[in-house]
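Asks: Have a look at this fold, sequence not included:
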């Protein structure tokens, strides 16, 4: 059985620990002392490894001999190259490789010249040092130098290649150095000891010792990089070209590829930061890229938007027009501008402003389009509201003009009646009945004009916010009964049936509210019913609905078209604007009623069918007086 000399092995490990410690310590101090001491130490290691590799081999077993120079010092030097490559820039790594190669060449030349000294002159050797070292085959030195260059290339190439397959630092270092040192052991043995009888033993010894040191140094260097130099390492293909100009073609491709990746990464980062949607297309208009903001605005994913998929998000009313305009612009090689809508899956609509400009190559040929979309929904809504307000203002001007004309007519009619009847009263031959008739007509015309003036004053005070609420105790049963008797004569004159209904007993019917405004509301609604009802009946009353009293006025009159139900409560509006001159009134009674109802804390609405009649409802809070 082959006996292993563990004592020698422990000494080799100690030597490796000393070498690794020195390299790592000097590397650690590089920011203070520079790289000079490390380079000097590696140069010294290079000389010692050449000397030891040429003179001393120690047997650790029957079949294995180890050279401390080749296994410990040379391996440590290669690990130093890898360390500097990982943590420093390419220029420093290149300087170290050039320095080691030059040192090897200079040492080979000097050893050759020293041998010439020994052979050509008397030797004075007081310490009796052996001169056999100077007779070493110089070819061995040049073979070692050549292999050192190749080793350096392999270190960089293999480390970058292996880094593509694993992110674990130890395995990247260990696999790299095992392959490099194995190659070194085989190539150096075959190149330097090919004529030895025991070349097989030397080859096995070199492989075993260097692979062992590869694992040993990998552990030490990994510990250092993970716990003392904690910066995360990232592969840097640029160092290939900087260090080895023989790889220029390959590295130009890889540098260009890396630059493209970096540019794309930065471009995507920037496009995701901007507050607008960004898209890119080919020259034929087919979409190739959209950013996250574009997806957010449209409701589509990036995959769904590619090619013509983006059209699926466009509102169906805009789709055909937009597609035609877009491909027309692409065919004519022009800038495209368009406003259109996106319809999202949830049914919401987003207005966007889109703009795309051509992208040119170095020959000024269009290779695609780059464009943006901006969410203009708020602006569009503002424009729509502005147009609506403009239309309302124009309608208001029209209504006010009609109102003024109506006021002129409404005031002039009773005034003309009063003046005409006053002239008739001057006739001396009038009988007493005729005089009484004229006086009644004058009284009626005066009351009509007084009501008109009162409505004008009320609406003016409402518009100027000068109306005050005066709360008092009101018996609503008494008020409804009063209004019934007040309007009974008028309805009888038109052959209309007038009725009312009170749903509360006397004590429950006393509430706290504004008496005048309550009377005005109910009076205006009853008057309105009488005015627009020519046959049939009118009914008014109230009922309790929780915390409110709900009043109603129902008639069988001309009714209101459904598209005018909301408008009749606006200022100066009647149910039929075009036919308003056929009817008496200023068109402000219902708007006064609505304003007073809201002041009292209630609501007002109407239900009506054209030519079937109307039912007006309003509510006020039910605030009974405690019994």
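Replies: Yep, that arrived. As the structure is a prediction and not an experimental result, all values here were calculated from the model.

Asks: Going by C-alpha atoms from here, please, whenever you check contacts or count neighbours.
Replies: Noted.

Asks: which residue ranges form the strands in the stretch 151-300 of the chain?
Replies: Listed in chain order, the strands of the stretch 151-300 of the chain (DSSP state E, counting those that start in this stretch) span 277-282, 287-290.

Asks: most neighbours per residue, which of those strands?
Replies: Ranked by average neighbour count under the criterion mean count of other CA atoms under 10 Å, the strands of the stretch 151-300 of the chain are headed by strand 277-282 at a mean of 22.

Asks: What is that one packed up against?
Replies: When contacts are defined as 3 or more CA pairs under 8 Å, 6 or more residues apart in numbering; DSSP states H and E, strand 277-282 sits against strand 287-290, helix 292-298, strand 366-375.

Asks: Show me what the last one is packed up against.
Replies: Packing contacts for strand 366-375, counted by 3+ CA pairs under 8 Å, 6+ apart, involve strand 277-282, strand 349-360.

Asks: for the shortest one, what is the average pLDDT?
Replies: So the one you mean is strand 277-282. In this model, strand 277-282 has an average pLDDT of 85.

Asks: again, but for stretch 178-189
Replies: Mean pLDDT, taken over the full extent of stretch 178-189, equals 86.

Asks: Show me which residues of that stretch are buried.
Replies: Applying a neighbour-count criterion of 16 or more other CA atoms under 10 Å, one finds 178-185, 187-189 buried in stretch 178-189.

Asks: Could you dump the residues you listed into TSV with distance to residue 590 added?
Replies: Output for the buried residues of stretch 178-189, formatted as TSV (distance: CA to CA, whole Å):
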residue	distance to residue 590
178	99
179	99
180	100
181	103
182	104
183	104
184	106
185	108
187	109
188	111
189	114
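
Asks: Please list the members of the residues you listed that lie in helices.
Replies: By the criterion of DSSP state H, membership of those in helices covers 178-185, 187-189.

Asks: where's residue 109, which helix or strand?
Replies: helix 90-120 (DSSP states H and E).

Asks: who does that helix touch, helix- and strand-wise?
Replies: Under the contact criterion of 3+ CA pairs under 8 Å, 6+ apart, the helices and strands touching helix 90-120 comprise helix 36-55, helix 75-87, helix 138-163, helix 238-243.

Asks: right, and residue 415 touches residue 445 too?
Replies: Yes: here residue 415 lies in contact with residue 445, judged by CA atoms under 8 Å, at a distance of 7.1 Å.

Asks: which helices and strands does the host helix or strand of residue 440 pack with?
Replies: Element membership of residue 440 [criterion: DSSP H and E] is helix 432-463. Contacts defined by 3+ CA pairs under 8 Å, 6+ apart place helix 432-463 against helix 377-425, helix 589-599.

Asks: Quickly, which of those helices bottoms out on average pLDDT?
Replies: Looking over those, mean pLDDT reaches its minimum on helix 377-425, with a mean of 73.

Asks: can you put the strands of the stretch 151-300 of the chain in a markdown table and add distance to residue 479?
Replies: Rendered in a markdown table, the data for the strands of the stretch 151-300 of the chain read as follows (distance: least, CA to CA, whole Å):
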| stretch | distance to residue 479 |
| --- | --- |
| strand 277-282 | 66 |
| strand 287-290 | 71 |
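
Asks: between those strands, which gets nearest to residue 143?
Replies: strand 287-290 (55.8 Å; CA to CA).

Asks: Tell me the helices and strands packed up against that closest one.
Replies: Using 3+ CA pairs under 8 Å, 6+ apart as the contact criterion, the secondary-structure elements in contact with strand 287-290 are strand 277-282, helix 302-305.

Asks: can I get the helices and strands packed on strand 366-375 in a markdown table with distance to residue 542?
Replies: As requested, those are exported to a markdown table (distance: least, CA to CA, whole Å):
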| stretch | distance to residue 542 |
| --- | --- |
| strand 277-282 | 59 |
| strand 349-360 | 45 |
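
Asks: of those, which approaches residue 153 most closely?
Replies: Of all the helices and strands packed on strand 366-375, strand 349-360 sits nearest to residue 153, with 41.1 Å by CA to CA.

Asks: Tell me which residue lies nearest the centroid of the protein.
Replies: Closest to where the C-alpha atoms of the chain average out (CA atoms, centre = their mean) is residue 293, at 5.0 Å.

Asks: Output the below-cut-off pLDDT ranges for the stretch 101-250 of the chain.
Replies: Across the stretch 101-250 of the chain, the ranges flagged by pLDDT under 70 are 115, 118-141, 230-250.

Asks: circling back: is it true that the residue nearest to the centre of the chain touches residue 279?
Replies: No: counting by CA under 8 Å, residue 293 stays clear of residue 279, with 9.9 Å between them.

Asks: so how many other residues sit close to residue 168?
Replies: 10 (other CA atoms under 10 Å).

Asks: do the same with residue 25
Replies: A count of neighbours around residue 25, defined by other CA under 10 Å, yields 13.

Asks: give me phi/psi at it?
Replies: With angles defined as degrees, to the nearest 10, residue 25 sits at phi -60, psi -50.

Asks: likewise residue 430?
Replies: Comment: the main-chain dihedrals of residue 430 come out as phi -70, psi 140, following degrees, to the nearest 10.

Asks: so how many other residues sit close to it?
Replies: 12.

Asks: Could you tell me the angle between the helix holding residue 109 and helix 75-87?
Replies: Comparing the axes of helix 90-120 and helix 75-87 via axes from the mean of the first three to the mean of the last three CA atoms, to 10 degrees yields an angle of 160 degrees.

Asks: how about helix 90-120: buried residues?
Replies: Across helix 90-120, burial judged by 16+ other CA under 10 Å covers 90, 92-94, 96-97, 99-101, 103-105, 107-108, 111-112, 114-115.
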